[in-house]
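Undergrad: I'd like to go over a predicted model; first the sequence, then the structure.
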Amino acid sequence: MKFAPLSLVAASGLVLALAGCGHLEHAREGDPNRVVTGTVNVRMDLMPPADAKLTVRLVAPANVTAAPAQAAPDLVIGERGSRAQPEQIVAEQDIPVPTSMPAPFRLEFRASDAELRHGLNIEARLSWGGRMRFRTFESQVVTLETVARPQTVWIEAVR
């Protein structure tokens with residue numbers, strides 16, 4: 001029984017096309033209700049005054065490559081996607097007058113596995129007297145692998 005060369009090429013193309021479907025992701029999504037815990041530390045002995053407030057946020061980083069939902073009319077069409085989008089606050093905790101440093105925090109939030117694969121940032125700010133005095137300068141990223149571990153966030157003086 002002889003096969004025409006065209007049907008042989010078509011059959012091998014079909015086999016190769018279907019071979020690409022051999023690996024499909026079958027892992028279940030994790031529970032989207034999540035908690036991240038940790039401490040906020042400062043690199044000096046610090047006893048904050050009575051009106052101090054520590055704010056800890058979990059933030060989804062801005063998507064710089066995405067075009068805004070409604071671009072500003074004065075932008076050239078080629079520049080419409082170049083403006084950074086605002087960060088989205090996923091969770092926030094205000095700790096009035098932290099009694100000691102390091103100060104513990106607990107953030108409850110909802111995030112899919114896909115969002116955590118991209119990473120979420122932890123920001124911390126210590127303010128008093130109407131001014132921000134300390135904040136995070138180095139990125140503290142929470143991912144799918146690190147969400148269950150306690151996080152250590154360092155804040156430094158704002159100059």
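TA: All right, it came through fine. Numbering: from 1, shown residues only.

Undergrad: how about Q88, what does it touch?
TA: By Cβ atoms under 8 Å, 6 or more residues apart in numbering, Q88 lies in contact with 59-60. The way it works is simple: take the backbone N, C-alpha and C, and place the C-beta from them, glycine included.

Undergrad: Show me the beta-bridge partners of it.
TA: Q88 has the following beta-bridge partners by DSSP bridges: A60.

Undergrad: Show residues contacting stretch 39-46.
TA: For stretch 39-46, contacts defined as Cβ under 8 Å, 6+ apart pick out 54, 56, 98, 101-105, 124, 126, 134, 150-156.

Undergrad: list the buried ones in it?
TA: By neighbour count on 16 or more other Cβ atoms under 10 Å, the buried set for stretch 39-46 is 39-40, 42, 46.

Undergrad: Which of the contacts of stretch 39-46 are buried? Put it as a PyMOL command.
TA: Here the buried members of the contacts of stretch 39-46 are turned into a PyMOL selection, burial being counted by 16+ other Cβ under 10 Å:
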select buried, resi 54+56+98+101+103+105+124+126+134+151+153+154+155
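
Undergrad: Name all residues that make contact with the residue positioned nearest the centre of the chain.
TA: The residue lying closest to the centre of the chain (Cα atoms, centre = their mean) is L120, at 1.4 Å. Contacts for L120 (Cβ under 8 Å, 6+ apart) come out as 58-61, 90, 111, 141-143.

Undergrad: one more time with 10 Å, if that's ok
TA: 34, 36, 57-61, 88, 90-91, 107, 109, 111, 140-143, 147 (Cβ atoms under 10 Å, 6 or more residues apart in numbering).

Undergrad: quick one: T55 and T143, what's the gap?
TA: To T143, T55 is 22 Å away according to Cβ to Cβ, to the nearest Å.

Undergrad: again with N121
TA: Distance, N121 to T143, using Cβ to Cβ: 11 Å.
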